[in-house]
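Trainee: would you be able to build a 3D model of this:
(one chain, ligands or ions: 1)
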Amino acid sequence: MDLEREFDRVVAADHRVEPRDWMPDGYRSTLIRQIAQHAHSEIIGMQPEGNWISRAPSLRRKAILLAKVQDEAGHGLYLYAAAETLGADRAELTEKLISGRQKYSSIFNYPTLTFADVGVIGWLVDGAAICNQVPLCRTSYGPYARAMIRVCKEESFHQRQGYELLMTMMGGTKQQRDLVQDAVNRWWWPSLMMFGPPDAESSNTEQSMHWRIKRHTNDELRQRFVDMSVPQAVKLGVTFPDPKLVWNDERGHYDFGEIDWAEFWRVVKGDGPCNAQRVAHRRQAHEDGAWVREAAAAYAAKKNSEAVA
Ligand code: ACO
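Mentor: Predicted coordinates for the structure are as follows:
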């Protein structure tokens, strides 16, 4: 079939598939799934750090955090818009999120216990997000790839503000240094889980690599993140909670310990420390915003009827 051959040619040549192009149903549904999960992650991801906006220790830290959390909202909106170009309905995607029928990243189901968590989320969680998302700037679907370029620029600012905050705390009192180390201990393993299950158990990787939706496997990106993070930890003066983390000369990479995959699947399936709270909060925000949606729809209807008259 000509249309299918043309699609395969575009993907193989590393060109972009655009919304009006023919695409296999599976390609469309895989993209909607991944982009929607990604969008939901950005929106739910506002909560753990939003928790600290009113308690930031200075005006400067508050302004930075506020900007960062607003950026996450923006990322969610670009991504929902990208999903809409594939025919998805944004209201339906939100409905699926708040009814637990669509996933979001496991990482946002962990609590932020101290202000050091804000720094560690910037450094490790946003660092992992960048590692995963920079290759997505070359994903085969045009609107997703283009959204990722801007998202990655902003994520890079998020990562730096986190590292700078931690550097400041590490130059402070012993109590501040202890808070940083404690936050690193709690976030390190969940950050490694962000990259998804091991390749052998990843149901979507093979097909998504073939379609060039994904450009690297989960394990490749996880290894890249570990290799990148160890020298940063040394510079910062913290350690990772993994006695098996050691440089392997032969592989040219760091070896690391076994991830607790039972914990990962528990959190993905809804039984993490904060899953219920995160979804309930999102549902409440959605319900509280109903009047805005109704007012916007009434205004649009009025404008339309004026245009017709
Ligand atoms: N949290 C929750 N669910 C996950 C996670 C995770 N960390 N990792 C994998 N899963 C889910 C997958 O969505 C998939 O579920 P589904 O098939 O029921 O939809 C299942 O576990 C199996 O995993 P994979 O087959 O490996 O899934 P996939 O090929 O989609 O790879 C990955 C997962 C790497 C997260 C990919 O979807 C991706 O790159 N997404 C874009 C980036 C993204 O969403 N980042 C969100 C966090 S970053 C941030 O918001 C700051």
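Trainee: tell me the secondary structure for residue 149?
Mentor: Under DSSP: H, G, I helix; E, B strand; the rest coil, residue 149 falls in the helix class.
Trainee: shouldn't it be in contact with residue 137?
Mentor: Yes. At 5.1 Å, residue 149 and residue 137 qualify as touching, with contact defined as C-beta atoms under 8 Å. Where C-beta positions appear, they are placed from N, C-alpha and C, glycine not excepted.
Trainee: looking at those two, which is more packed in?
Mentor: Taking neighbours as other C-beta atoms under 10 Å, residue 149 and residue 137 compare with residue 137 leading, 17 against 13.
Trainee: residues contacting the closest residue to that one other than its chain neighbours?
Mentor: In space, residue 137 comes closest to residue 148 once its chain neighbours are excluded; the distance is 4.6 Å by C-beta to C-beta, 6 or more residues apart in numbering. Residue 148 makes contact with 133-134, 136-137, 139, according to C-beta atoms under 8 Å, 6 or more residues apart in numbering.
Trainee: interface residues of the stretch 1-150 of the chain facing the ligand?
Mentor: The stretch 1-150 of the chain comes close to the ligand at residues 33-34, 37-38, 41-42, 45, 103, 105-106, 129, 132-133, as judged by C-beta under 6 Å from any ligand atom.
Trainee: returning to what we had before: can you tell me which of the contacts of residue 148 has the most neighbours?
Mentor: Using other C-beta under 10 Å as the neighbour criterion, residue 139 leads the contacts of residue 148 with 25 neighbours.
Trainee: now do the contacts for that one.
Mentor: Under the criterion of C-beta under 8 Å, 6+ apart, the contact list for residue 139 reads 145, 148, 212-215.
Trainee: wait, residue 102 sits on residue 94?
Mentor: No. In this structure residue 102 lies outside contact range of residue 94 using C-beta under 8 Å: 9.3 Å.
Trainee: please, which helix or strand holds the nearest residue in space to residue 22 that is not next to it in sequence?
Mentor: If you skip the residues right next to it in sequence, residue 22 has residue 3 as its closest partner in space, 4.1 Å away by C-beta to C-beta, 6+ apart. Element membership of residue 3 [criterion: DSSP states H and E] is helix 2-12.
Trainee: what of residue 282?
Mentor: helix 275-288.
Trainee: just to revisit the earlier point, which of the contacts of residue 148 sit farthest apart?
Mentor: In the contacts of residue 148, the most distant members under the criterion C-beta to C-beta are 134 and 139, with 10.8 Å between them.
Trainee: doesn't residue 254 belong to a helix?
Mentor: No. The assignment for residue 254, made by three-state DSSP, is strand rather than a helix.
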